[in-house]
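Engineer: sequence first, then the predicted structure:
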Amino acid sequence: MTPRASLDRQRLQREIEDITRRYQEAGYFPSACVRVFSAEETLASCCVGDAREDALFDVASLTKLATTAQVLRLISAGKLSLSQEAADCLPGIAGNAYLRDRLRGVTLRRLLTHTSSLVDWYPFYSLGETDFYDALAYVLRHTEKTEGVVYSDLNFMLLGLIIRQAQGKPLERCLREDLAEPLCLGRMTYLPDPALPLIPVSFGNPIETRMCRDRGIAFDGFRPPDQPVRGQANDGNSWYYFHGVAGHAGIFAEAGAYERLCQYWMRSADPLFREAQKEQPGAPGRGLGLQTGISYPHGCGHTGFTGTGVYFSTEYDVGVVSFTNRLFYRRENPNAAWEYRRALQEAVFALAGKQPE
C-alpha cells in the first residue's frame with residue numbers, strides 16, 4: 001500500500017497548513033508555497049505570507065533539476081551520452097590545452113553526480129568580464145582537485161553550456177522550448193517579467209559578501225545590503241557573471257511548475273529517468289542530478305539555497321514541493337529550511353501510517 005492510497009486528504013490539507021503557518025510564525029520564512037502530490041494529481045496545497053498559487057520564487061539550485069531534465073532528454077534523444085567528456089561537447093574546452101588536459105575523463109555522468117574533481121564554488125564574477133573558459137582555467141589553476149562526491153556549482157555551469165551547445169540556441173530558449181512548453185509545466189523561466197507576481201528573495205547578497213571576504217577575494221559590485229532583491233537571481237555567479245541565465249541557478253518558477261516536473265519524472269517509463277532517481281555507483285547520496293539518502297526516504301530530491309526544495313518517491317507515489325524565501329530578512333536567518341521540509345515529509349508519511357526512514 002502506498003502512502004497516497006491511505007491519505008486522508010482533508011487532514012493532510014490541515015496538517016500542511018498548520019505546519020507552514022507554524023514555521024512562518026517561528027521566523028523560518030516570510031512567505032511560502034507548498035504542494036503535496038502523486039504522479040497524477042495534487043493532493044494538498046497552501047500558501048502563506050505574500051505568496052499565492054501563481055507566485056514565482058527564485059528557485060536557486062533547483063535550477064539544476066531543470067538542467068538535469070534537459071540533459072537526460074538530450075541523452076534519450078541520442079544527442080548526448082553519459083560517457084561523453086566535457087571536452088567532446090564544448091569547443092571552448094577542446095580548444096584550450098590546459099582545460100582539455102585538466103578535464104580529461106570528466107564525463108557528463110561525473111558532472112551529474114558531482115564526482116568531477118571540480119571545486120565546490122568560486123566567485124567567477126570577481127574576475128570581471130573574463131571569457132568563461134579563461135576564467136575556468138584560472139579557477140582550476142588556483143584550486144585543488146577534489147575527490148569523491150563534492151557538490152559543485154561548476155558542474156552545472158558546464159552542463160548548462162553543454163545544453164546550449166547541443167541545441168544551438170540560448171539557454172533561456174532551451175528551457176522554454178525544450179522543457180517548460182512541451183511538458184506543460186507552467187511558469188518556469190529565466191529573467192522573469194517584473195510584472196509577474198514575484199516573491200522577493202533577499203536584501204543584497206550578505207552571505208556571498210562574507211564568503212568572498214573570508215576567502216580574501218575582492219568584489220565591489222554586490223547589490224546594497226538594504227536593497228530588496230526581486231526578480232533578480234540571488235546567486236552571485238548567475239546574476240553578476242552569467243547575467244541571470246546559467247545551468248546551476250537563475251530560474252524563477254511557481255511551485256506548481258516543479259510539481260509537474262517531478263510528476264514527469266514519476267510517470268516516466270524512460271529507463272534513464274528511472275535510473276536517475278537511484279544512488280549511482282561511486283557517488284554515495286547522488287543520483288543523476290538528484291540527491292538520495294536519508295533526507296529523501298524511498299525517493300530523491302534537491303534543495304535550493306533560497307529556501308526551496310523538492311522530494312518525490314516514485315515507489316510510494318508521493319512528492320512534496322516547498323518554496324520559501326528564507327533569505328528575505330535584514331539579518332541572516334539562523335533557521336534551517338530542512339527542518340520545515342522534514343516536518344512536511346513526516347506529516348505525509350504519518351498520515352499514511354508509514355515511517356519516513
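Structural biologist: Nice, I can see it. All values derive from a computational prediction rather than experimental measurement.

Engineer: any low-confidence regions in this protein?
Structural biologist: Scanning the chain for pLDDT under 70 picks out the ranges 1-6, 352-357.

Engineer: residue farthest from the centroid of it?
Structural biologist: Each residue of the chain has a distance to the centre, and by C-alpha atoms, centre = their mean the biggest one is for residue 97: 31.5 Å.

Engineer: the helix or strand that residue 35 is a member of pairs with which strands, parallel or anti?
Structural biologist: Secondary structure assigned from DSSP states H and E places residue 35 in strand 32-37. Here strand 32-37 is paired, per DSSP bridges, with strand 42-48 (antiparallel), strand 318-324 (antiparallel).

Engineer: so what touches that strand?
Structural biologist: Contact partners of strand 32-37, identified using C-beta atoms under 8 Å, 6 or more residues apart in numbering, comprise 12, 16, 20, 23-24, 42-49, 51-53, 55, 57, 254-256, 259, 262-263, 307, 318-325, 340, 344, 348. From N, CA and C alone the C-beta is placed, and that goes for glycine too.

Engineer: next one: that strand to chain centre, how far?
Structural biologist: Distance, stretch centre to chain centre, for strand 32-37: 16 Å (C-alpha atoms, centre = their mean, to the nearest Å).

Engineer: can I get the CA coordinates of it in CSV?
Structural biologist: The C-alpha trace of strand 32-37 is given here as CSV (Å, rounded to 0.1, in the frame of the first residue of the first chain):
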residue,chain,number,x,y,z
ALA,A,32,5.9,30.0,1.3
CYS,A,33,4.0,27.8,-1.2
VAL,A,34,3.8,24.0,-0.6
ARG,A,35,2.3,21.3,-2.7
VAL,A,36,1.8,17.6,-2.0
PHE,A,37,1.1,15.4,-5.0
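
Engineer: now which of the contacts of strand 32-37 would you call buried?
Structural biologist: Neighbour-count burial (16 or more other C-beta atoms under 10 Å) applied to the contacts of strand 32-37 gives 12, 16, 20, 23-24, 43-49, 51, 55, 57, 254-256, 259, 262-263, 307, 318-325, 340, 344, 348.

Engineer: centre of the chain to stretch 297-312, how far?
Structural biologist: 8 Å.

Engineer: now do the same end-to-end measure for it.
Structural biologist: 9 Å (C-alpha to C-alpha, to the nearest Å).

Engineer: likewise stretch 38-53?
Structural biologist: 18 Å.

Engineer: ramachandran coordinates for residue 301?
Structural biologist: As for residue 301, its main-chain torsions (degrees, to the nearest 10) stand at phi 170, psi -160.

Engineer: and it, how far from residue 33?
Structural biologist: Per C-beta to C-beta, to the nearest Å, residue 301 is found 16 Å from residue 33.

Engineer: also residue 350?
Structural biologist: 22 Å.

Engineer: of the two, who's got more company?
Structural biologist: residue 33 (28 against 14; other C-beta atoms under 10 Å).

Engineer: that one pairs with what?
Structural biologist: residue 47, residue 323.

Engineer: who's in contact with the residue lying closest to residue 217 once chain neighbours are set aside?
Structural biologist: Distance criterion C-beta to C-beta, 6 or more residues apart in numbering; nearest residue to residue 217, sequence neighbours excluded, is residue 126 at 5.0 Å. Shown in contact with residue 126 (C-beta under 8 Å, 6+ apart): 212, 217-219.

Engineer: okay, those in JSON lines with distance to residue 117, neighbour count and secondary structure next?
Structural biologist: Formatted as JSON lines, those follow (distance: C-beta to C-beta, whole Å; neighbours: other C-beta atoms under 10 Å; DSSP: H, G, I helix; E, B strand; the rest coil):
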{"residue": "212", "distance to residue 117": "23", "neighbour count": "18", "secondary structure": "helix"}
{"residue": "217", "distance to residue 117": "21", "neighbour count": "13", "secondary structure": "coil"}
{"residue": "218", "distance to residue 117": "27", "neighbour count": "9", "secondary structure": "coil"}
{"residue": "219", "distance to residue 117": "26", "neighbour count": "17", "secondary structure": "coil"}
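
Engineer: turn the residues you listed into CSV, columns for distance to residue 85.
Structural biologist: Converted to CSV, these look like this (distance: C-beta to C-beta, whole Å):
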residue, distance to residue 85
212, 31
217, 30
218, 34
219, 32
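
Engineer: end to end, how far does stretch 91-102 reach?
Structural biologist: 15 Å.

Engineer: which parts of it are buried?
Structural biologist: For stretch 91-102, burial by neighbour count (16+ other C-beta under 10 Å) applies to 92-93, 96, 99, 102.

Engineer: likewise for stretch 289-298?
Structural biologist: Using 16+ other C-beta under 10 Å as the test for burial, stretch 289-298 gives 289-292, 295-298.

Engineer: now swap in stretch 54-62 and tell me
Structural biologist: So for stretch 54-62, counting by 16+ other C-beta under 10 Å, buried means 55-62.

Engineer: of the contacts of residue 126, closest to residue 177?
Structural biologist: Of all the contacts of residue 126, residue 219 has the smallest distance to residue 177: 33.9 Å, by C-beta to C-beta.

Engineer: which ones are touching residue 45?
Structural biologist: 16, 33-36, 53, 255.

Engineer: try it again with 6 Å
Structural biologist: By C-beta atoms under 6 Å, 6 or more residues apart in numbering, the contact set of residue 45 is residue 35.
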